[in-house]
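1. Model the structure of this input:
(4 chains)
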2 protein chains.
Amino acid sequence: MEYAGRGDPARTMALLWDGLPAPRRGPRQRLELSRVVDAAIAQADRAGPAALSMRALAQELGVGTASLYTYVPGKAELLELMVERVAGTLPPPDASRGWRAGLREVAAGDLAAYRAHPWLLQVSTSRTVFGPNVLARYEATLALLDGHGLAPAHIVGCVAAVESYTRGAASAVVEAERAPDATGSSDEEWWEGRVPFLEERMDGRYPLFAALEEAGAFAVSDTALPYTVQRALDRFDFGLDLVLDAVAARMTS
Amino acid sequence: MEYAGRGDPARTMALLWDGLPAPRRGPRQRLELSRVVDAAIAQADRAGPAALSMRALAQELGVGTASLYTYVPGKAELLELMVERVAGTLPPPDASRGWRAGLREVAAGDLAAYRAHPWLLQVSTSRTVFGPNVLARYEATLALLDGHGLAPAHIVGCVAAVESYTRGAASAVVEAERAPDATGSSDEEWWEGRVPFLEERMDGRYPLFAALEEAGAFAVSDTALPYTVQRALDRFDFGLDLVLDAVAARMTS
DNA sequence: TGAAAACATCGTACGGTGTTCGGAGTATTT
DNA sequence: AAATACTCCGAACACCGTACGATGTTTTCA
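-> Residues are numbered from 1 along each chain as shown, chains lettered A, B, ... in the order given. As a prediction, the model looks like this:
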């Protein structure tokens, strides 16, 4: 897990809100901060979350490794800038079609962002990135639930629940998506490599999901396993409806 | 994200179910596999998820680094063994007090495991660790929802939703818990370092959460920010109730 | 106009990572 | 006694983030 919020707050907040001040003396900077951030996002998207390296980033930008540190205090701050930039690309929630459609849009946007930028899942949420885009999105999301009889603390709780669910379920989607590349074996290869051993072990000692199979002609390998991307996406929607139903119930009661 | 399921399936499944066969020739092994796994868990718990290093592990066990590779094919397989072992320490869900209490126990157990072993959050769930303990727990969880009129696919979906929510919300708890150590600043320091800049920025251009504050005397810093451990725990319970309510609604409808 | 100050650039080095290789030593089998 | 199969492990490889200090460039001011 990468943690944001490690460096000097003043410097970080200034970078987030104002960008990098032009040097008053000395040679001009050969890069722009936004180019650094964009290249970092592109590289992290392509190479996987852990594979963003200052060396490779510098090489792609045609610059020495150490030069990056004149733009950004360190990798943690660079990550904050990346988060803030991605937040700016997400469509703001639209309250005009009701809170439920709005919340669904927020979750869909988050899922899309997680899929496009899996490294987002590695950035801690407990030390919020206080950039303008991030804050605006959070504020607009809270506003969706305003005026429906929910206490403020419950508004925050419901939004947090949706966000937690989204993050967990998006994790499953992204992991399923990345697994073939990350492990070097497709879903089928992985599954078929393990089935014979599972069947061997199940024989007598571990009747896998026996209770359920008896109850309802429940074929494990058809419904529960293996985890594929499509299955993870279906579950995302199913669970999101579940959570939104629960929010609706909190309003009326 | 660390991915399980990378190595030779036969070898991995054998390790998970049978452990390490004693060498038929040559010198006796100076360690036992379970000792290696336990030490790895202890070290990962102590030093943080990313800080489990084969070198340090070997040193703690009083063994050369390369020797570890005679016990375990690599770090990925070691992680699988760690997951399986932790799964064995969790209390199995108890169906006797109803599905809701059972599911709540599962979530509470998962949360406890995530807090005690934060590295669990870094292990991908899409390539399930097919060990006896992991499978037994999953099976027992599914069984909780059996016989309440839910279609098999919906049972799987509900369990997946609870697990996704639990993972996401537990992430928030663990991140909040680890943040002070990981960043070197307490929640208060972090928050107070940023407040002045937020107030400066809010002045006019960004009325932070203005809509909500008008609506209900909603003090942002009291209810929504900063994220502390206690707040994350409260939210965990609130959201879990939300999700369980939704599961209950699916049963009756 | 010349010197000083402020700045960007970047080669190098430090201490860390997971894993591989090959040699040395040891216990069992033939 | 010899062959075999195994454990053990020092050293090396190719990486990582980042601190340091030398060098060169631009602006400012006396």
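2. Go through stretch A:60-68 and flag the buried ones.
-> Neighbour-count burial for stretch A:60-68 flags A:L61, A:V63, A:L68 (criterion: 16 or more other Cβ atoms under 10 Å in any protein chain shown). C-beta: built from backbone N, CA, C; applies to glycine.
3. Other residues contacting the helix or strand hosting A:R231?
-> For A:R231, the host element (DSSP states H and E) is helix A:229-252. Contacts to helix A:229-252, defined as Cβ atoms under 8 Å, 6 or more residues apart in numbering or on different chains, come from residues A:100, A:103-104, A:107, A:111, A:145, A:148-150, A:154, A:158, A:161-162, A:165-166, A:169-170, A:172-173, A:175-177, B:126, B:154, B:157-158, B:160-161, B:164-165, B:242-243, B:245-247, B:249-250.
4. Can I have the buried ones of the residues you listed as a PyMOL selection?
-> Buried residues among the contacts of helix A:229-252 (16+ other Cβ under 10 Å), as a PyMOL selection:
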select buried, (chain A and resi 103+104+107+111+145+148+150+154+158+161+162+165+166+169+170+172+173+175+176+177) or (chain B and resi 126+154+157+158+160+161+164+165+242+243+245+246+247+250)
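5. rewinding a little: need the CA coordinates for the helix holding A:R231. PDB is fine.
-> C-alpha atoms of helix A:229-252 as PDB (Å, rounded to 0.1, in the frame of the first residue of the first chain):
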ATOM      1  CA  VAL A 229     -13.800 -10.900 -15.400                       C
ATOM      2  CA  GLN A 230     -17.400 -11.100 -16.600                       C
ATOM      3  CA  ARG A 231     -18.500 -12.900 -13.400                       C
ATOM      4  CA  ALA A 232     -16.800 -10.200 -11.300                       C
ATOM      5  CA  LEU A 233     -18.600  -7.500 -13.300                       C
ATOM      6  CA  ASP A 234     -22.000  -9.200 -12.900                       C
ATOM      7  CA  ARG A 235     -21.400  -9.400  -9.200                       C
ATOM      8  CA  PHE A 236     -20.400  -5.800  -9.100                       C
ATOM      9  CA  ASP A 237     -23.800  -4.800 -10.400                       C
ATOM     10  CA  PHE A 238     -25.700  -7.200  -8.200                       C
ATOM     11  CA  GLY A 239     -24.000  -6.100  -5.100                       C
ATOM     12  CA  LEU A 240     -24.300  -2.400  -6.000                       C
ATOM     13  CA  ASP A 241     -28.000  -2.800  -6.300                       C
ATOM     14  CA  LEU A 242     -28.000  -4.500  -2.900                       C
ATOM     15  CA  VAL A 243     -26.300  -1.600  -1.300                       C
ATOM     16  CA  LEU A 244     -28.400   1.000  -3.000                       C
ATOM     17  CA  ASP A 245     -31.600  -0.800  -1.900                       C
ATOM     18  CA  ALA A 246     -30.300  -0.600   1.600                       C
ATOM     19  CA  VAL A 247     -29.700   3.100   1.300                       C
ATOM     20  CA  ALA A 248     -33.200   3.600   0.000                       C
ATOM     21  CA  ALA A 249     -34.600   1.600   3.000                       C
ATOM     22  CA  ARG A 250     -32.700   3.900   5.400                       C
ATOM     23  CA  MET A 251     -34.500   6.900   3.800                       C
ATOM     24  CA  THR A 252     -38.000   5.700   4.300                       C
END
